[in-house]
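>>> here you go, sequence then predicted model.
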Amino acid sequence: MDRTVLFKNNSRGDDNRRSRQDMVSKLRKDKRNEQLLKRRQLIEEDEENQEYEQNTPTVIVDPLHIKHVIQNSSDTNEILSAVQSCRKVLSRERNPPIDEVIDSGLLPHLVQFLSFEDNPGLQFESCWALTNIASGSSKQTKSVVECGAVPHFIKLLSSPHLNVCEQAVWALGNVAGDGSTYRDHVINSGIIPPLIKLVNPDVSMSFLRNISWTLSNLCRNKEPPPAMDVITSLLPTICALLNFGDKHVLSDACWALSYITDASNDRIQVERGKYQSERERERERERERERERETVEHIVPPYQVVIRSGIVKKLVELLAHPEVLVVTPSLRAIGNIVTGNDEQTQCVINHGALQHFPKLLWHKKNNIQKEAAWTLSNITAGTSAQIQAVIDAELLPYMIDVLQRGDYKTQKEAVWAITNFTSGGDPKQIKNLSDLNALPPLVAMLGVQDPKTVTIALDGCHNILNNAFKLSEEEGNSVAIAFEECGGVDIVEKLQNHENERIYCRSVEIIDKFYKGDEEDEAVEQPTVSNGKFEFAAPSTNPNANFQF
């Protein structure tokens, strides 16, 4: 399975723990409705802004005519009306003439009007027009930046006129949302101090929503991610936003935290070999602890900053929020945290996250189920104690259920969760999984088209069979029979002809190790089952005799 995402991240499907970049996220591809990267303000003005609309003549729709009026009129009201006309035509819901306005040469005039402190109405209309231009393509956003608008927007964050200030926040959010280059340009231009100063109990909820959305855009994009000093300066404000009850503010704050915890591999992800033994895992943990001791003390990775902020507890609480708008990013942030080391995972477990997973795995939204299964797959890639925590939270029946009945994307994540469990669990824990009849749905996933999923499912089946024979011959025979009865042997035999080398090798290994009979010359002896044990018939002296079953 190519586990790649929109932002040019490479797949790392061979790792036990899989970072967010290993998951194809439909929400990101669709630029989710809940939290768009850019926003265009349509014509839905409130009473505060209607004072600038009084006695306004008919809207001028030709950008060149608007420019002519602006260049040649000395009447402030006439100029205001012309800029207002420009803003209105850019606020049309369908096909706003952004390129026509840019090509007309209006942008330098609009940027110039941002500095007219004695005319807040003109500042507001100009800022709104530029906001909508910056909501367009990267090329259109670039035209706004290259006209020198960003420093003016930042200065307007300190405007005594709240509508002007709010519009500037919106404009900066659109510029920052274009990508890491303009995000850093906005940051380096000095947005952070005046922006975080705006977060206070007296600000309107509409304004606070725009602030939280712009803050989230300052945290997003990973190539490169925001500098650590930026994260450190923004995190207290983002944490404070989680104390507001508004679902949109909570959503944007959680998305910001998900971006922070979704850092590049060298900042958050710990390389792990696939399905390591417990001894190998312990050696890796010791090397990890040694690396942390050698790390310069003031260089702290993003996840550690988040953990030290104490916000994990709040993120865990938000997993129970009634709004999908909030649950999705809070689960994403939690999921990102557990892609790292055992300390991160344990922090999430210690704050009671596992108790929320029954509802998450049975959530009405398939995407929530998928994210929950993905998160669990990274928890079951942890220590034996962390796997036991999953057992103690009684999550195994839910994991098996979504493996059997979830939608396909959720099933694929559940395969990872089960197989990681069988890789890191002790014999008793794996037997617990086997006793809950995990084999039939795992065997069913051997028939899917995706080679990666088939490979992981094969590994899980192998681990369950191998563990059973380690416990006792009786237990091994019992599990082997169960595997055969649910069609596992037939499927694995067919997979021996698979073009994928790893699938072929693993299939051959399973048959040879657990089901191989005496194969002498052309006679292939097949086992029979008697009293729960495999038995083999004596070789026939008749070369034409049928095989005995």
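Received it, and whenever you're ready, just let me know what you need.
>>> quickly find the element holding residue 339.
Assigned by DSSP states H and E, residue 339 falls within no helix or strand.
>>> just the pLDDT for it.
What the model reports for residue 339 is a pLDDT of 91.
>>> low-confidence stretches in the stretch 51-200 of the chain?
Counting by pLDDT under 70, the stretch 51-200 of the chain contains low-confidence ranges at 51-61.
>>> what ranges do the helices span in it?
For the stretch 51-200 of the chain, the helices defined by DSSP state H, counting those that start in this stretch cover 63-72, 76-90, 98-103, 107-113, 120-134, 138-146, 149-156, 162-176, 180-188, 192-197.
>>> dump the ones you listed into CSV; add mean neighbour count and distance to residue 437 as well.
The C-beta positions use only the backbone N, C-alpha and C, and glycine is treated the same way. CSV is the format used below for those (neighbours: other Cβ atoms under 10 Å; distance: least, Cβ to Cβ, whole Å):
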stretch, mean neighbour count, distance to residue 437
helix 63-72, 16, 68
helix 76-90, 22, 60
helix 98-103, 18, 59
helix 107-113, 19, 66
helix 120-134, 27, 56
helix 138-146, 17, 52
helix 149-156, 22, 60
helix 162-176, 26, 50
helix 180-188, 18, 48
helix 192-197, 16, 53
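>>> possible to save those as JSON lines with distance to residue 378?
As requested, the helices of the stretch 51-200 of the chain are exported to JSON lines (distance: least, Cβ to Cβ, whole Å):
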{"stretch": "helix 63-72", "distance to residue 378": "52"}
{"stretch": "helix 76-90", "distance to residue 378": "45"}
{"stretch": "helix 98-103", "distance to residue 378": "42"}
{"stretch": "helix 107-113", "distance to residue 378": "47"}
{"stretch": "helix 120-134", "distance to residue 378": "37"}
{"stretch": "helix 138-146", "distance to residue 378": "33"}
{"stretch": "helix 149-156", "distance to residue 378": "39"}
{"stretch": "helix 162-176", "distance to residue 378": "30"}
{"stretch": "helix 180-188", "distance to residue 378": "26"}
{"stretch": "helix 192-197", "distance to residue 378": "32"}
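>>> nearest to residue 375, out of those?
Distance to residue 375, taken as Cβ to Cβ, is lowest for helix 180-188 among the helices of the stretch 51-200 of the chain, at 26.2 Å.
>>> quick one: that closest one to chain centroid distance?
Chain-centre distance of helix 180-188: 22 Å, with Cα atoms, centre = their mean, to the nearest Å.
>>> would you mind pulling up the elements that it packs against?
helix 138-146, helix 149-156, helix 162-176, helix 205-219 (3 or more Cβ pairs under 8 Å, 6 or more residues apart in numbering; DSSP states H and E).
>>> contacting residues around stretch 131-144?
Stretch 131-144 is contacted from outside by 38-41, 87, 90-91, 96, 98-99, 101-102, 107, 130, 149, 167, 170-171, 174-175, 178-179, 182, using Cβ atoms under 8 Å, 6 or more residues apart in numbering.
>>> CA atoms of that stretch as CSV?
Provided in CSV are the C-alpha atoms of stretch 131-144 (Å, rounded to 0.1, in the frame of the first residue of the first chain):
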residue,chain,number,x,y,z
THR,A,131,-8.5,39.2,1.5
ASN,A,132,-10.6,37.8,-1.3
ILE,A,133,-7.8,38.1,-3.8
ALA,A,134,-5.4,36.2,-1.4
SER,A,135,-8.0,33.5,-1.0
GLY,A,136,-7.4,32.4,-4.6
SER,A,137,-4.6,30.5,-6.2
SER,A,138,-1.0,30.7,-5.2
LYS,A,139,-0.3,33.0,-8.1
GLN,A,140,-3.1,35.3,-7.0
THR,A,141,-1.8,35.2,-3.4
LYS,A,142,1.7,36.0,-4.6
SER,A,143,0.4,39.2,-6.3
VAL,A,144,-0.9,40.4,-2.9
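>>> from residue 349, how far out is residue 69?
Computed with Cβ to Cβ, to the nearest Å, the distance linking residue 69 and residue 349 is 65 Å.
>>> adding distance to residue 481, write the helices and strands packed on helix 180-188 out as TSV.
Output for the helices and strands packed on helix 180-188, formatted as TSV (distance: least, Cβ to Cβ, whole Å):
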stretch	distance to residue 481
helix 138-146	60
helix 149-156	70
helix 162-176	60
helix 205-219	53
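>>> with that, I have no additional questions.
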